[in-house]
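Novice: Quick one: sequence and predicted model below, then my questions.
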Amino acid sequence: MNTPLRLGTRGSPLALWQANHVADRLRPVAAPRAVALVRIETDGDRDQASALSAMGGFGVFTKAIQNALLANRADVAVHSLKDLPTIPEPELELVAVPPRGPTGDAFVSSKHRRFDDLPDGAVVGTSSLRRRAQVLNRRRDLRLIDLRGNVDTRLRKLDEQGLDAIILAEAGLIRLGLQDRITEVLDPSWMLPAVGQGAIGLECRAADEETKHLVEELRDPATFARVSAERAMLYALGGGCLVPIGTTSKVADGVLTVRGAVLSGDGRRRVVATHAGPADAPLAVGQELAAMLVAEGAVELLDPGPAP
């Protein structure tokens, strides 16, 4: 084919880094066919003032890119996987996930060297209900404010508004060459990352066998198993951006181990469980972990009530 392989992406600096990273890996696979980026504005890009929970949470950064796939304006959607809802689009397929980046949450501060050094009543910025709940579970004295915008915008607000700290994804800072802004990577024993954090998801039209064949070359088996289990857990719990849910996972010697946590929005209640199983059966591992969390009482935390 002489037509370019079109990658649909958001236009933020981090999204463009991810799309260019994927394009560089796809070019030798797709050659002599060219690979081009198609920038798409999403609801989350247009509205950077409202809290994500107030916008419904589901698909605010991904739906417009999926629509471009369905309308044949793009061939591959490049997503930050943590933004992609677990409810599948019938005509689309998550085909590949390249090797995962760092999964941690980064504490960024110009005033304090560690999270535990924050004084009583310190002001911390984050746009994530997951991070908010886990911070409050550890430190109920802190004052949390909603912080939207791309990475550079949030770093600027940290400085301009004199905040004590903000919390961002470790992978995003590293990918943008801003790793020197990381003060501390928070301990995942209490700050569990988002489902799919640090991973890039590549979605195609389910009927487009030629494109799927190309994109499958970028699939990292261990990463795909981990994120499949994490997403299966989230899907089984019925959670998303409106419920604080975190997870960690690893694959070793053919065994997939996943740890999940569900919290109340105010952080007062926390249910945690860990489950392991065959790495070649990630959906079962994730579903069984969800059942364990429900048995431990997570079901009472899964109805977030009206958005704040």
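Specialist: On my side now, so go ahead. Everything numeric in this text was worked out from a predicted model, so none of it was measured.
Novice: Residue 116: how many residues sit nearby?
Specialist: Close neighbours of residue 116, defined as other C-beta atoms under 10 Å, add up to 11. In short, each C-beta sits where N, CA and C put it, glycine included.
Novice: Please report phi then psi for it.
Specialist: Torsion angles at residue 116 (phi, psi; degrees, to the nearest 10) stand at phi -70, psi -10.
Novice: low pLDDT regions in the stretch 151-300 of the chain?
Specialist: Across the stretch 151-300 of the chain, the stretches falling below the confidence threshold (pLDDT under 70) are 239-241.
Novice: try 50
Specialist: Low-confidence segments of the stretch 151-300 of the chain, defined by pLDDT under 50, are absent.
Novice: Three-state assignment for residue 273, please.
Specialist: Using DSSP: H, G, I helix; E, B strand; the rest coil, the secondary structure recorded for residue 273 is strand.
Novice: quick one: contacts for it?
Specialist: Residue 273 is in contact with 259-260, 289, 292-293, 296, counting by C-beta atoms under 8 Å, 6 or more residues apart in numbering.
Novice: export these to TSV and tack on neighbour count and distance to residue 8?
Specialist: Shown next, in TSV, are the contacts of residue 273 (neighbours: other C-beta atoms under 10 Å; distance: C-beta to C-beta, whole Å):
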residue	neighbour count	distance to residue 8
259	20	33
260	28	30
289	27	32
292	17	37
293	25	34
296	12	39
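Novice: Just the closest of those to residue 60, please.
Specialist: Ranking the contacts of residue 273 by separation from residue 60, with C-beta to C-beta as the measure, puts residue 260 on top at 23.3 Å.
Novice: Identify the residue spatially nearest to that closest one, adjacent ones excluded.
Specialist: When the adjacent residues along the chain are set aside, residue 260 lies closest to residue 247, with 4.8 Å between them (C-beta to C-beta, 6 or more residues apart in numbering).
Novice: From what I see, the one you found and residue 237 are in contact.
Specialist: No - proximity of residue 247 to residue 237 does not meet the contact threshold set by C-beta atoms under 8 Å, at 10.4 Å.
Novice: Could you pull out the strands in the stretch 201-308 of the chain for me?
Specialist: For the stretch 201-308 of the chain, applying DSSP state E, counting those that start in this stretch gives strands covering 245-252, 255-263, 270-278.
Novice: ranking those strands by burial, who's on top?
Specialist: The highest mean neighbour count among the strands of the stretch 201-308 of the chain, using mean count of other C-beta atoms under 10 Å, belongs to strand 255-263: a mean of 23.
Novice: Pairing partners for it, with directions?
Specialist: The sheet places strand 255-263 alongside strand 245-252 (antiparallel), strand 270-278 (antiparallel), with pairing taken from DSSP bridges.
Novice: Next up, the contacts around residue 4.
Specialist: With contact set as C-beta under 8 Å, 6+ apart, residue 4 has these partners: 33-36.
Novice: Can I get those in a markdown table including secondary structure, neighbour count and distance to residue 199?
Specialist: Output for the contacts of residue 4, formatted as a markdown table (DSSP: H, G, I helix; E, B strand; the rest coil; neighbours: other C-beta atoms under 10 Å; distance: C-beta to C-beta, whole Å):
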| residue | secondary structure | neighbour count | distance to residue 199 |
| --- | --- | --- | --- |
| 33 | coil | 16 | 26 |
| 34 | coil | 14 | 26 |
| 35 | strand | 23 | 20 |
| 36 | strand | 13 | 23 |
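Novice: Dump these into CSV; add pLDDT as well.
Specialist: Formatted as CSV, the entries for these read as follows, by pLDDT from 0 to 100:
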residue, pLDDT
33, 94
34, 97
35, 97
36, 97
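Novice: Tell me the one of the residues you listed nearest residue 115?
Specialist: Distance from residue 115 was checked for each of those by C-beta to C-beta. The minimum falls on residue 35, at 40.8 Å.
Novice: In contact with the closest one, which residues are there?
Specialist: With contacts taken as C-beta under 8 Å, 6+ apart, residue 35 has the following neighbours: 4-5, 7, 23, 26-27.
Novice: These in strands, which ones?
Specialist: Mapping those onto strands (DSSP state E) picks out 5, 7.
Novice: how close does residue 201 sit to residue 39?
Specialist: For residue 201, the distance to residue 39 (C-beta to C-beta, to the nearest Å) stands at 18 Å.
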